[in-house]
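K.L.:
Here is the input, now give the coordinates:
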Amino acid sequence: MKRIYLLLLFFTNCILFTSCSSDQDSGEYQLKPEEDEQYSGGKKGTSFNTSEEAFGFFSTHLTAEQQSDFGIGNSFFRQSWVTAPASATARDGLGPFYNAISCSSCHFKDGRGRPPMYAGELGTGLLLRLNLPQTDVHGGYLPETTYGNQLQDVAILGQDKEGEYTISYQYFYETYADGTQVELRKPIYTITNLNYGALSGSVSISPRIANQMVGMGLLEAIPEATLLNYQDISDANGDGISGKANYVYDVVSQTSKMGRFGWKANQPSVKQQVAGAFSGDIGITSSLFPNENIPNGYDGSSIPNGGSPEITDQTLDKVVLYSSSLSVPARRNYQEQNILKGKQLFEEVECAKCHISKITTSSTYYIEAFRNQIIRPYTDLLLHDMGNDLADNAPDYLADGNEWRTPPLWGIGLIPTVNNHTYLLHDGRARNVEEAILWHGGEATTAKNNFKNLSQSDRQKVIDFINSL
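P.N.:
From the prediction side, this is the model:
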């Protein structure tokens, strides 16, 4: 009898203890984070720093040689290029037409650019792509006849810049199911003061914001087969989502490869992304892109350059290593109940169908520290139709004018700390996470409407979760 009494006493205490637990008022089941959920970039690609330098750390598991190359690449990424000839021969050759004087002009502290805040503000990380509807032999769309594939609004001394652009906004409201309204703004771009002739009548103009740099090597390390497994071009499962891979021209191998980088996944590798930015944004030639960007018909033969090419392969490779090995900031507040509830709602409203939370990298990536890492990038790197409201009508290889690559969400909550702003989407039109969600359309319409039908409290939990990434 004494034994039975002790057992009854034990179970009674268990019941009393449960009823007095921290969730007795809410009556909700206590959610728990996944194991190692804080390691957004895996255990070897995550940094634990939430300061304004949060995007600028390398994996502590890099080799000594890689750490040295990281430092050199960092210096070429951050320091300004100058016009040739100059005593700093390793950094001369700027322009003659360009958008920025350094990589960090657009990716300040390895972070995210923004639209200009006033007319004439330069080097903020927004540029205008220009292309024609015809394709080249590799399937890429042709650059605009006179000005090439982007408008360069700065020129070196003695040269007239290509032109300028201004932004105006149209404002309207999106209404939630509970009647709450949110103001959205749609940018309108006007190109003015063209110095080398008119634009082609069939040109498409696509604004592109410089994204945060973290985790690029980890994204490159994802096996192609893994990403293709998320593809559903014909929407065979009937969920309204039909992501597809972009296949683009790889300059190094001279073959078609899966695109992973850029707003339309139009670059197959970190190396080509970096070399393309040197060429288009700063006017620095490389072995990948050896030709200067000058307006068609313009004689640039008398303009001095910084060598042929202006950045050596050795230096380019160090900048590529730097860009590839930037760690991803660890999650913040990931154990808190409102964040965990937001994560649950994020999945329930179907955001996670494109923003894939957890992926494992390959076992063969050239940066050994990034092999076999369980990462949480919140992307599938595929193209999705995002609807007419976000369309730029500018095709890019297999991407049509409505399609955009799913952007990784990791690090998004630290953009205000690093870059002192919250502008999101490909052109910075969204002024915060909430506006970015409300701009979703096309394949994301169901997810957006599910979000709009949540209570204000639950909507805030989803937003807080995204900002914890």
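
K.L.:
Pretty sure residue 274 sits against residue 323.
P.N.:
Yes - under the criterion of Cβ atoms under 8 Å, residue 274 lies in contact with residue 323, with a separation of 5.5 Å. Yep, even glycine has a C-beta here, placed from its N, CA and C like the rest.

K.L.:
wait, is residue 189 part of a helix?
P.N.:
No - per DSSP: H, G, I helix; E, B strand; the rest coil, residue 189 lies outside any helix segment and is strand.

K.L.:
mind listing the helices for this structure?
P.N.:
2-19, 64-78, 103-106, 216-220, 224-228, 270-277, 313-324, 337-348, 415-419, 433-438, 445-452, 456-467 (DSSP state H).

K.L.:
ok, of these, where does mean pLDDT dip lowest?
P.N.:
Confidence, taken as mean pLDDT, is least for helix 2-19 of the helices of the chain (a mean of 39).

K.L.:
Same list (the helices of the chain) but as CSV, adding mean neighbour count.
P.N.:
Shown next, in CSV, are the helices of the chain (neighbours: other Cβ atoms under 10 Å):
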stretch, mean neighbour count
helix 2-19, 9
helix 64-78, 17
helix 103-106, 24
helix 216-220, 25
helix 224-228, 14
helix 270-277, 23
helix 313-324, 21
helix 337-348, 19
helix 415-419, 19
helix 433-438, 20
helix 445-452, 18
helix 456-467, 19
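
K.L.:
Let's have these in JSON lines, adding distance to residue 181.
P.N.:
Output for the helices of the chain, formatted as JSON lines (distance: least, Cβ to Cβ, whole Å):
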{"stretch": "helix 2-19", "distance to residue 181": "42"}
{"stretch": "helix 64-78", "distance to residue 181": "42"}
{"stretch": "helix 103-106", "distance to residue 181": "34"}
{"stretch": "helix 216-220", "distance to residue 181": "36"}
{"stretch": "helix 224-228", "distance to residue 181": "38"}
{"stretch": "helix 270-277", "distance to residue 181": "39"}
{"stretch": "helix 313-324", "distance to residue 181": "41"}
{"stretch": "helix 337-348", "distance to residue 181": "21"}
{"stretch": "helix 415-419", "distance to residue 181": "24"}
{"stretch": "helix 433-438", "distance to residue 181": "10"}
{"stretch": "helix 445-452", "distance to residue 181": "11"}
{"stretch": "helix 456-467", "distance to residue 181": "12"}
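
K.L.:
out of the ones you listed, nearest to residue 190?
P.N.:
Closest to residue 190 of these, according to Cβ to Cβ: helix 103-106, at 21.5 Å.

K.L.:
Contacts for that closest one next, please.
P.N.:
For helix 103-106, the surrounding residues in contact (Cβ atoms under 8 Å, 6 or more residues apart in numbering) are 76-78, 80, 99-100, 110, 113, 123-125, 127, 210, 277-278, 281-282, 319.

K.L.:
Would you mind checking these for buried ones?
P.N.:
76-78, 99-100, 110, 113, 123-125, 127, 210, 277-278, 281-282, 319 (16 or more other Cβ atoms under 10 Å).

K.L.:
pLDDT score for the residue lying closest to residue 389 once chain neighbours are set aside?
P.N.:
Of all residues not flanking residue 389 in the chain, residue 441 sits nearest, at 5.3 Å (Cβ to Cβ, 6 or more residues apart in numbering). pLDDT for residue 441: 98.

K.L.:
Now do the contacts for residue 441.
P.N.:
386, 387, 388, 389, 390, 448.

K.L.:
Recalculate using a threshold of 6 Å.
P.N.:
386, 387, 389 (Cβ atoms under 6 Å, 6 or more residues apart in numbering).

K.L.:
Only the buried subset of those residues, as a ChimeraX command please.
P.N.:
A single ChimeraX command selects the buried members of the contacts of residue 441 (16+ other Cβ under 10 Å):
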select :386,387
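
K.L.:
Now, the contacts of residue 441 that are in strands?
P.N.:
Per DSSP state E, strands hold no members of those.

K.L.:
quick check, nearest of the contacts of residue 441 to residue 65?
P.N.:
Closest to residue 65, out of all of these and judged by Cβ to Cβ, is residue 386, at 41.7 Å.

K.L.:
quick one, phi/psi of the closest one?
P.N.:
phi -100, psi 10 (degrees, to the nearest 10).

K.L.:
Please name the nearest non-neighbouring residue to it.
P.N.:
residue 442 (4.7 Å).

K.L.:
Could you count how many residues lie near that neighbour?
P.N.:
Per other Cβ atoms under 10 Å, the neighbour tally for residue 442 reads 20.

K.L.:
Could you pull up the residues touching it?
P.N.:
385, 386, 387.

K.L.:
And for residue 417?
P.N.:
Taking Cβ under 6 Å, 6+ apart, one finds residue 52 in contact with residue 417.

K.L.:
Who does residue 405 form a beta bridge with?
P.N.:
residue 383 (DSSP bridges).

K.L.:
With residue 89 as the reference, measure out to it.
P.N.:
Noted for residue 405: a distance of 37 Å to residue 89, by Cβ to Cβ, to the nearest Å.

K.L.:
neighbour count winner among the two?
P.N.:
Applying other Cβ under 10 Å to residue 405 and residue 89 shows that residue 405 carries more neighbours, namely 26 against 13.

K.L.:
ok, that one touching residue 262?
P.N.:
No - the criterion here is Cβ atoms under 6 Å, and residue 405 misses it with residue 262 at 7.1 Å.

K.L.:
Overlap in contacts, these two.
P.N.:
Between them, residue 405 and residue 262 share no contacting residue, judged by Cβ under 6 Å, 6+ apart.

K.L.:
Give me the pLDDT for the residue nearest the centre of the chain.
P.N.:
By Cα atoms, centre = their mean, the chain has its centre lying nearest to residue 211, at 4.2 Å. According to the prediction, residue 211 has pLDDT 96.

K.L.:
so what's it up against?
P.N.:
Neighbours of residue 211 in contact, by Cβ under 6 Å, 6+ apart: residue 112.
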